[in-house]
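A.B. asks: Let's see this in three dimensions:
(one chain, ligands or ions: 1)
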Amino acid sequence: MKNPPFQAASVLPPAEAYLFDIDGTLLNSRDGVHYNAFHAAVREIYGIDSKIDGVPVHGNTDLGILRAVARRAGLSDAEFESKLPVAIACMCATASRNSAGMEPELCPSVRELLVALQRAGKLLGVVSGNLEPIGWLKLEAAGIKQFFAFGSFSNQRELRREIFAHGLEQVQRRLGDRARACFIGDTPADIDAARQLARPILAVATGIFPAAELLAHGPDACVSCCSELLAGIDL
Ligand SMILES: [Mg+2]
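C.D. replies: Residues are numbered from 1 along each chain as shown. Coordinates of the predicted model:
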């Protein structure tokens with residue numbers, strides 16, 4: 001007998017801190033600045049004549065994407081890692097040089113949600129697979145950087161679980177070990193990372209994954225976009 005469909009709430013789980021993924025959750029970028037920064041590093045540092053196309057990027061991390069491209073081209077992990085610091089520097093410099101071309105599109109009602117959470121005194125952070133300077137540049141271009149007190153990114157952390165855990169550590173450092181933190185993300189990888197840390201997660205279907213697919217991974221709550229949260233927000 002098949003299990004019944006997982007039921008999830010459509011309200012924000014209660015918490016003192018909210019940790020947001022960036023791509024597909026807060027905003028979507030179709031400008032190619034980040035995409036082209038990958039290719040600068042892949043080509044100039046690793047000497048690989050290949051695009052990142054074909055490597056899963058949604059829910060992945062920048063380090064994970066680079067490693068997958070390097071492996072596909074036959075590089076050993078040792079060779080990949082020996083050049084990684086300079087590849088990261090190349091990606092960040094390229095994105096920074098081209099940041100005027102960033103045109104992130106905020107997901108529906110994201111700004112209104114951030115304003116409401118900030119007014120309610122919530123601590124807000126980002127947990128993203130982006131390299132740190134690239135993540136902050138996107139948030140700045142989208143006009144929402146000022147809402148976030150801290151971020152956890154993929155510079156030293158290749159796994160999403162590690163990025164989320166570091167975000168959680170920063171919440172606990174600021175608010176104490178008993179502070180409740182809730183993650184907000186748009187991919188099954190976000191849901192799985194929060195689950196591994198035994199923390200609640202709200203899934204939003206504003207990335208490439210439809211709500212039905214996100215629900216199959218068992219988030220605590222799931223909405224099609226943040227507008228649904230504002231209607232019944234109870235902070
Ligand atoms: Mg995402």
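
A.B. asks: List phi and psi for D49.
C.D. replies: Dihedral angles of D49 (phi, psi; degrees, to the nearest 10) stand at phi -100, psi 70.

A.B. asks: Just the pLDDT for it.
C.D. replies: Per-residue pLDDT puts D49 at 90.

A.B. asks: Was I right to think it contacts H39?
C.D. replies: No. D49 is beyond contact range of H39, at 9.8 Å (criterion: CB atoms under 8 Å). C-beta: built from backbone N, CA, C; applies to glycine.

A.B. asks: Which single residue of the chain ends up nearest the ion?
C.D. replies: The ion sits closest to G24 of the chain, with a gap of 3.7 Å, by CB to the ion.

A.B. asks: domain ranges for the protein?
C.D. replies: 17-29+104-231, 33-101 (automatic domain parsing).

A.B. asks: so which of those domains comes closest to A9?
C.D. replies: In terms of CB to CB, the element of these nearest to A9 is domain 17-29+104-231, at 4.4 Å.

A.B. asks: In a strand, L124, correct?
C.D. replies: Yes. According to DSSP: H, G, I helix; E, B strand; the rest coil, L124 belongs to a strand.

A.B. asks: Give the bridge partners for it, please.
C.D. replies: Under DSSP bridges, the beta-bridge partners of L124 are Y18.

A.B. asks: Contacts for the worst-scoring helix or strand of the chain on mean pLDDT, please.
C.D. replies: Ranked by mean pLDDT, DSSP states H and E, the weakest helix or strand in the chain is helix 227-231, scoring a mean of 85. Contacts with helix 227-231, where a contact means CB atoms under 8 Å, 6 or more residues apart in numbering, come from S10, V11, L12, P108, S109, E112, L113, A116, L202, V223.

A.B. asks: Quick one: name the residues of this protein near the ion.
C.D. replies: Listed as neighbours of the ion in the chain under the rule CB under 5 Å from the ion: D21, D23, G24, D186.

A.B. asks: How about the third one, nearest residue that isn't a chain neighbour?
C.D. replies: Closest residue to G24 in three dimensions, ignoring its sequence neighbours and counting by CB to CB, 6 or more residues apart in numbering: G207, at 2.5 Å.
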